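# quick one, structure for this:
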Amino acid sequence: MLARYVERAEYLARTIEAKLRVTALPNAYIGKTNEWDSALLTAGVSASFYDIYEEADERNVVDYLSFSPANPSSIRNCIENARLNSRSVRTALTSEMWDTINSAWIDLQEVWGKGTKTREELAKFLRFVLETSLRFDGSAYRTMLRNDAYWFSRLGVYMERADNTARILDVKYHLLLPANERVGGPLDYFQWSAILRSVSALTAYHWVYRESVKPWLIADLLILKDELPRSLAGCYSNLVQNLDYIARAYGRQGPAQRQARATRTQIENSRMDEIFQRGLHEFIEEFISANNRLGGAITEQYLL
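Numbers count the residues shown, from 1 in each chain. You can find the predicted model right below:
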C-alpha cells in the first residue's frame, strides 16, 4: 500500500492542477463547466464530499482533496498513511526512500499544516507533492534491491496508476463537456489538453500523432499505447512483468498472474474503433473491475 498511497497523492495533485488550468480559461467559459465536480468523480469521493459540503466549488474541492482529515484519500492522509506504512516496513526501504517520505510528512505538518490561502501557495503545495512522489519513485528505482519488496512496490504503483488513468478518461468522455458545448470546440480542446497534462502526456501525444488534440486519439494513447508509462497497456505490461518476477522468486504461478495476463491480452487485442462501437464507458468499467479483482487476487495469493 505504501507505493499506492504515494502514487495516489501525486494523481490528486495532478488532477487539481489540471482543473486549475481549465478554470483559468476566459470568462466566456467559466460557469459552463463542471470541472470541480469532475475532480471529485475521478477521485471517487463525490458521495462523501456532499455529506460535508453543499457546493463543489474550487475552495471546497481543493480543501477536501488536499487537506481534509475526513477524506481517507486526501493528499494529507495519503502522505501520513505512506509514512505509517514506511515505519512498519522500515527495514525493506532504503535510507533515501525513508528520508523522502519522512521529510514530506514533516513539511506537511510544519509548512502546510494550515492548508493554502492563495493560488500561489496552492501551486507550491502541488509542486511539493509532485516532487515528493518523483523523489520517492526515483529513489526506489535507483536504490532498492531487486527482490520481492521491490516487485510488490511496483505492483502498487501500476495498479493505482492504471485505475487513475481509467477514471480520468471515463469522467472526461462522459461527464465533463457541458451539453450545450460542441465536441471539438474550444472548451473541449482545453479540457482534453488538461487531461493530457494531468497524466504528463501532452508532449507524448504530439510526438506520437503529430496532430491537433482529438478525443479518439487521446483515448488510443491512454488505453492502447505501451510507450506511454501511464497508459492502461503500459501499466499492465509492467504488472505482468513484475508478477512474473515474483512467481519465479516464489517458485509458483497463480490466479494473480493469470488475471493480469488476461487483462493484458484483452488490451493487446483491442482496437479503438471496436471499443467505441461497444462503448468506451463499458470498456473502462470492466477494466476497473478487473483491476480491482487483480488487487484482491494478489492479496489472497501472497499476503494472507
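# low-confidence bits of the stretch 51-200 of the chain, can you list those?
The stretch 51-200 of the chain contains residues with pLDDT under 70 at 173-188.
# what is the neighbour count of A194?
By other CB atoms under 10 Å, 22 other residues sit near A194. To be clear about C-beta, it is placed using only N, CA and C from the backbone, and glycine gets the same treatment.
# ok, for it, nearest residue in space, not its chain neighbours?
A18 (4.2 Å; CB to CB, 6 or more residues apart in numbering).
# what's the neighbour count on that neighbour?
Number of residues near A18 (other CB under 10 Å) recorded here: 24.
# ditto for the one 4 residues further on
The local packing of V22 (other CB under 10 Å) involves 21 other residues.
# buried sites along the strand or helix carrying it?
Assigned by DSSP states H and E, V22 belongs to helix 2-23. Of all the residues in helix 2-23, those buried under the rule 16 or more other CB atoms under 10 Å are 2-22.
# give the rounded mean pLDDT of that helix.
Averaging pLDDT along helix 2-23 yields 90.
# what's it packed up against?
When contacts are defined as 3 or more CB pairs under 8 Å, 6 or more residues apart in numbering; DSSP states H and E, helix 2-23 packs onto helix 35-43, helix 58-66, helix 75-88, helix 119-143, helix 148-171, helix 186-198.
# then the following helix or strand past the third one to PDB, C-alphas only?
The element immediately downstream of helix 75-88 (helix or strand, assigned by DSSP H and E) is helix 95-110. This file holds the C-alpha atoms of helix 95-110, laid out as PDB (Å, rounded to 0.1, in the frame of the first residue of the first chain):
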ATOM      1  CA  SER A  95      17.500   5.400   3.600                       C
ATOM      2  CA  GLU A  96      16.700   7.600   0.600                       C
ATOM      3  CA  MET A  97      13.100   6.300   0.400                       C
ATOM      4  CA  TRP A  98      12.600   6.700   4.100                       C
ATOM      5  CA  ASP A  99      14.100  10.200   4.100                       C
ATOM      6  CA  THR A 100      11.800  11.300   1.200                       C
ATOM      7  CA  ILE A 101       8.600  10.100   3.000                       C
ATOM      8  CA  ASN A 102       9.600  11.300   6.400                       C
ATOM      9  CA  SER A 103      10.700  14.700   5.100                       C
ATOM     10  CA  ALA A 104       7.400  15.100   3.200                       C
ATOM     11  CA  TRP A 105       5.500  14.300   6.400                       C
ATOM     12  CA  ILE A 106       7.400  16.800   8.400                       C
ATOM     13  CA  ASP A 107       6.800  19.500   5.800                       C
ATOM     14  CA  LEU A 108       3.200  18.600   5.700                       C
ATOM     15  CA  GLN A 109       2.900  19.400   9.400                       C
ATOM     16  CA  GLU A 110       5.200  22.400   9.600                       C
END
